[in-house]
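J.: Quick one, structure for this:
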Amino acid sequence: YYVLDKANGDLVNRIECGEPIFSAPVAANGRVYFATLGSKVCALEPDGTICWSWDFVREVLNYEGDRWSGGQWCKHKGGKVTWRDQFCCAIDIVAFGKKIVVPVAGSLVCLSDRGDRAELSASPVVPAYAGSEKPAIFGLTIGDDGTAYVQWHRRDNTGRVEIMQLDDSQGETEFIGGTLTEINRPGLLSFCSVSVRGQDVYRCRPEEGFGFCKHTRGRDQAQYLGGYPSIASPILLRDKAVYGGLDGCRYVGPLSDKDRVRTFKTAFGSPISAPAAVCDGRIYFGCEDGYLYILGPNGKAPLPSRNLHIEKIRSPLTGKLADSKYDWFTNFGNQRSTNSNDQGLRPPLKLKWIRRYKGTFKHMPVCGGGRMYTHTAEGQVFAVEQETGRLLWRRYWPGVHVSFTGPLYYKERLLIPQAGLKGSR
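T.: Predicted coordinates for the structure are as follows:
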């Protein structure tokens, strides 16, 4: 974790955490809080001085070993681990007053800042629906009244935005109308936090005709407000919203009328997959073309003209298994669909890299040419470097509904059964 001087960018402090950080820090109470992927939570002074740290794995799971070692977990458990042993925090944490809320293991871990220590005050759990195992949490927002809005997912396309309280009360929960999805229902999951204004909930999702929507408490139908399918949270201004699309456009539109949406096209049409920051009349956002864009009144700067070629492999696959004969070109392992491909691997295995993605898939990704390809059930296809996990490119096709299929790799080409025979690519 780095602390930089905002005036000149100089390094003020560096904190070794020993594992990745996937979530953004939050500032509250004159302090800064952050959580690592392994759910270690730290409170800092603005200069980076550590006030306290708290570890979910030690405090809740009572595990002292290497959390990234399958062998040590197996020894600790006396057998295999299960969904009850989840511990990753891969999305943003939230602060409300002196309470820090960490989405981990299908629950909201609520920590109270006691000055020199953290105290676990509550751990409300997403209720059982379509199963009782711990769900994945894709988004967390807390309203002005302390109510939590949780986008969760359990099993095949099942999920919704749950309304939860930040305590351990066992009362009935409710959910936002128009957000329930299941494998036998129309509609797709959302993969980002919602934005709340009064009784209205604003939400983006990667579905045609539902890119940016308003959900009103007590109503079952969402109101479409325009924009292209999106996996990035909308940012609410006084009477407008700012959000980015998978088509590489930045949208600015009112909170109640889809006919007055303004569009800004980025230079190369690469997807926008993260929310914007808005300050002093300007909009700041990054794009998967590798550029940072700043929009403002009377802006006259030209669009970038140099393609950074993010899609090119920088770290080629190396080693004795780098030959193309070891490509995992089909989800099923080989042409006989045996679901196996003997490459001589033997445990214990070591985790090489890990990355977060916004989507769901049921079939394994495929590998070829030094890349790993994933097809999500919502119509995204993305490629990462097989050696490092770095994102190379992402493409999205609308009209896909719960397509649990894996690509087939052949000589730098992908065959993707996606949306029926006419929609396959």
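
J.: As a check, name the ranges of all helices in the stretch 1-150 of the chain.
T.: Counting by DSSP state H, counting those that start in this stretch, the stretch 1-150 of the chain has helices at residues 56-59, 70-77.

J.: Rebuild those as TSV, extending it with mean neighbour count and distance to Gly333.
T.: Every residue, glycine included, has its C-beta placed from N, CA and C. Output for those, formatted as TSV (neighbours: other CB atoms under 10 Å; distance: least, CB to CB, whole Å):
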stretch	mean neighbour count	distance to Gly333
helix 56-59	18	33
helix 70-77	14	21
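
J.: quick one: which of these is nearest Lys312?
T.: helix 70-77 (33.1 Å; CB to CB).

J.: CA atoms only for the helix or strand Gln151 falls within, dumped as CSV, please.
T.: For Gln151, the element it lies in under DSSP states H and E is strand 148-153. What follows is strand 148-153, C-alpha atoms only, in CSV (Å, rounded to 0.1, in the frame of the first residue of the first chain):
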residue,chain,number,x,y,z
ALA,A,148,-26.8,-1.7,3.1
TYR,A,149,-27.6,-2.7,-0.5
VAL,A,150,-25.9,-5.9,-1.5
GLN,A,151,-25.7,-7.4,-5.1
TRP,A,152,-25.1,-11.1,-4.5
HIS,A,153,-25.0,-14.2,-6.7
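
J.: Please work out the average pLDDT along the helix or strand following that strand.
T.: As assigned by DSSP H and E, the chain's next helix or strand after strand 148-153 is strand 159-164. Average pLDDT, strand 159-164: 95.

J.: Strand 159-164 - contacts with which helices or strands?
T.: strand 148-153, strand 174-175 (3 or more CB pairs under 8 Å, 6 or more residues apart in numbering; DSSP states H and E).

J.: how about the helices in the stretch 251-400 of the chain?
T.: Going by DSSP H, counting those that start in this stretch, the stretch 251-400 of the chain shows no helices.

J.: Okay, now the unreliable bits of it?
T.: Of all residues in the stretch 251-400 of the chain, those with pLDDT under 70 make up the ranges 258.

J.: and if we set it to 80?
T.: The model of the stretch 251-400 of the chain has pLDDT under 80 over residues 257-259, 340-343.

J.: OK, contacts around Ala24?
T.: 34, 92-93 (CB atoms under 8 Å, 6 or more residues apart in numbering).

J.: circling back to that earlier point, parallel or antiparallel, which strands does the strand holding Gln151 pair with?
T.: As defined by DSSP bridges, the strand partners of strand 148-153 come to strand 136-142 (antiparallel), strand 159-164 (antiparallel).

J.: rank the helices and strands packed on strand 159-164 by pLDDT, which is bottom?
T.: Mean pLDDT is lowest for strand 174-175 among the helices and strands packed on strand 159-164, at a mean of 92.

J.: list the helices and strands that one packs on?
T.: strand 159-164.

J.: residues making contact with the strand it packs on?
T.: Contacts for strand 159-164 (CB under 8 Å, 6+ apart): 108, 124, 126-127, 129, 135, 138-139, 147-153, 173-176, 179-181, 189-190, 194, 201, 203, 215.

J.: Of the strands paired with strand 148-153, which is nearest Cys249?
T.: strand 136-142 (21.7 Å).

J.: Give me the mean pLDDT for the closest one.
T.: Averaging pLDDT along strand 136-142 gives 95.

J.: export the helices and strands packed on strand 159-164 to TSV and tack on distance to Trp353?
T.: Converted to TSV, those look like this (distance: least, CB to CB, whole Å):
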stretch	distance to Trp353
strand 148-153	23
strand 174-175	35
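
J.: now, of those strands, which is deepest in the fold?
T.: Ranked by mean neighbour count, the helices and strands packed on strand 159-164 are led by strand 148-153 with a mean of 24 (mean count of other CB atoms under 10 Å).

J.: From Phe332, how far off is Tyr409?
T.: 12 Å (CB to CB, to the nearest Å).

J.: Same drill for these two, tell me which one is more crowded.
T.: Tyr409 (21 against 18; other CB atoms under 10 Å).

J.: Excluding chain neighbours, what is closest to the more buried one?
T.: Closest residue to Tyr409 apart from its sequence neighbours, by CB to CB, 6 or more residues apart in numbering: Gly368 at 3.8 Å.

J.: doesn't Lys325 make contact with the one you found?
T.: No - the criterion here is CB atoms under 8 Å, and Gly368 misses it with Lys325 at 10.9 Å.

J.: Common neighbours of those two, please.
T.: Counting by CB under 8 Å, 6+ apart, nothing touches both Gly368 and Lys325.

J.: In terms of neighbours, single out the busier of these two.
T.: Gly368 (23 against 6).

J.: circling back to that earlier point, next, format the helices of the stretch 1-150 of the chain as CSV and append distance to Pro302 and mean pLDDT.
T.: Shown next, in CSV, are these (distance: least, CB to CB, whole Å; pLDDT from 0 to 100):
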stretch, distance to Pro302, mean pLDDT
helix 56-59, 48, 96
helix 70-77, 51, 90
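
J.: dump the residue contacts of Ala301.
T.: Contacts of Ala301 (CB under 8 Å, 6+ apart): Ile294.

J.: Try it again at 6 Å.
T.: Listed by CB atoms under 6 Å, 6 or more residues apart in numbering, the contact set of Ala301 is empty.

J.: and what of the one 10 residues further on?
T.: The neighbours of Glu311, taking CB under 6 Å, 6+ apart as the test, are 392-393.

J.: same check, this time on Lys358
T.: For Lys358, the contact set (CB under 6 Å, 6+ apart) comprises 191, 231.
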